[in-house]
Each structure stands twice: as C-alpha cells, then as structure tokens.
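Student: Task: produce atomic coordinates for the following.
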Amino acid sequence: MATTKTAAKTATKKPATKAASKTSSTKKENSENNEFKDFFIDGLKDIYWAEKHLAKALPKMQKAATSEELAMAFEKHTQETKQHAEILEQVFGLLEEKATAKKCDAMEGLLEEADGIIEETEDGTMIRDAALILAAQKVEHYEIATYGTLAVFARTMGRDDIAELLTQVLDNEKATDVALTTVAEGFVNEQAVAE
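Tutor: Sure, this is the predicted structure:
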C-alpha cells in the first residue's frame, strides 16, 4: 500500500513539473509583446537617463567635497555609473531595442537637490560633506529600488539573462551606499557636529 501512495505522488509530481515548465515558457512568450514588456522598457529608459545624468553630476559633487575620502568615493562612483549605462545598453541589445533615454523626473529632482546643497553649504566644511553624503545616498536608494524592481520584472518575464545584468548593477549600488555610510560614520558626521 505504501508503494501505491509513493507511485501516486510521483505520478502527480511529473505533470506539475511539466506544467511549471510550460508556464515558464509561456511567460517568456507572452512577455515578448505586451504592455508589461513596454512598461519594463520604459523603466529601463528612465534609469538609463538617470545614469547618464548622474555621471555628469558626480564630478561636480566630487569637486565640492571637503574630505579626500568623499571625493575619492565620488570619483569611483563616476566610473561605476558609466559602466552601469554600458550594462543598460547591453540589456537594450538583448531586448533588440535601441538604447534610448527618457527623462527621469526623480533623478532630475535628486540632482537639483544636490546642486542646492552645494550652493547652501560653506565650502571646505564637513557639514557640506555630510549634506553631500545625504544627497548621494538618496540617489543610491532610488537606484537600488529601481534596479531591484527591474530585475524582478525581468525574471518574471523569463529573462534571467537580463535579470542577472540588472542584479550586478543593483549589487554595485548597494556597495556604494555602504561605502558612503562608512565615510559618514567614520569621521564626517562627528566632525560636522563639532563645526
């Protein structure tokens, strides 16, 4: 009797596996031409614009930084941001789409805020560095949210190849956020309070 139950379980598992496999391939086929794919591509265009404009803004933030550590962090992230744009171009290629940027209102606002911080804080102060770190981390958190969601979208559409590329960028954005926190907590915040 135990053998019959085991055989019955095995028999029911195989169709479920086939059904799951069929569902996965159906997902990929359905995602090739639908509104969700268009929405996904729109999100890619948005973050592509964001990366391009961030790459132009970071050198200004680097120049405004007081501490060498923060300036170096901004310089490193400028190079990484350019690489992120190149990875997005690969993603567009995998989708057989032209790499096109669409204005990202969120990034535009975040970069305007960073400009405002530079104008409103005194040159050569740790208060400016603390404020620049805040502005930069707001950018990082926006990018983390965007790349995380787009990677999930790609997986949902059966595009693990694209999800993997987006996850690489996501991991880098998270590492940058941690690096900025390290600079802030290492000495910037304490010295800013003392000023």
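Student: if I pick A131, what's in contact with it?
Tutor: 117, 120-121 (Cβ atoms under 8 Å, 6 or more residues apart in numbering). Every residue, glycine included, has its C-beta placed from N, CA and C.
Student: One more: H141?
Tutor: D177.
Student: returning to that earlier point: buried only: go through the contacts of A131 for me.
Tutor: With burial judged by 16 or more other Cβ atoms under 10 Å, the buried subset of the contacts of A131 is 117, 121.
Student: Can you tell me the SS state at the nearest residue to S67 once chain neighbours are set aside?
Tutor: Leaving aside its sequence neighbours, S67 sits nearest to D129 (Cβ to Cβ, 6 or more residues apart in numbering; 5.4 Å). Counting by DSSP: H, G, I helix; E, B strand; the rest coil, the backbone at D129 sits in helix.
Student: and G124, how far is that from I118?
Tutor: Distance, G124 to I118, using Cβ to Cβ, to the nearest Å: 12 Å.
Student: what about those two, which has more around it?
Tutor: Taking other Cβ atoms under 10 Å, G124 and I118 do not tie; I118 has more neighbours (17 against 10).
Student: That one - nearest residue in space that isn't next to it in sequence?
Tutor: A64 (4.6 Å).
Student: all strands in this protein, in order from the N-terminus.
Tutor: Here the chain has no strands by DSSP state E.
Student: Quick check: which ranges of it have low pLDDT?
Tutor: Residue ranges of the chain with pLDDT under 70: 1-33.
Student: One more pass at 50, please.
Tutor: 1-26, 29, 31 (pLDDT under 50).
Student: Helices along that one, start to end?
Tutor: Counting by DSSP state H, the chain has helices at residues 2-32, 35-64, 68-94, 105-120, 126-156, 160-183, 189-194.
Student: Highest mean neighbour count out of those?
Tutor: Among the helices of the chain, helix 126-156 has the highest mean neighbour count (mean count of other Cβ atoms under 10 Å), at a mean of 20.
Student: Give me the distance between that helix and the centre of its chain.
Tutor: Its chain's C-alpha centre and that of helix 126-156 lie 7 Å apart, by Cα atoms, centre = their mean, to the nearest Å.
Student: tell me the angle that helix makes with helix 160-183.
Tutor: Interaxial angle, helix 126-156 versus helix 160-183 (axes from the mean of the first three to the mean of the last three Cα atoms, to 10 degrees): 160 degrees.
Student: Contact partners for L54?
Tutor: Contacts of L54 (Cβ under 8 Å, 6+ apart): 81, 107, 111, 139.
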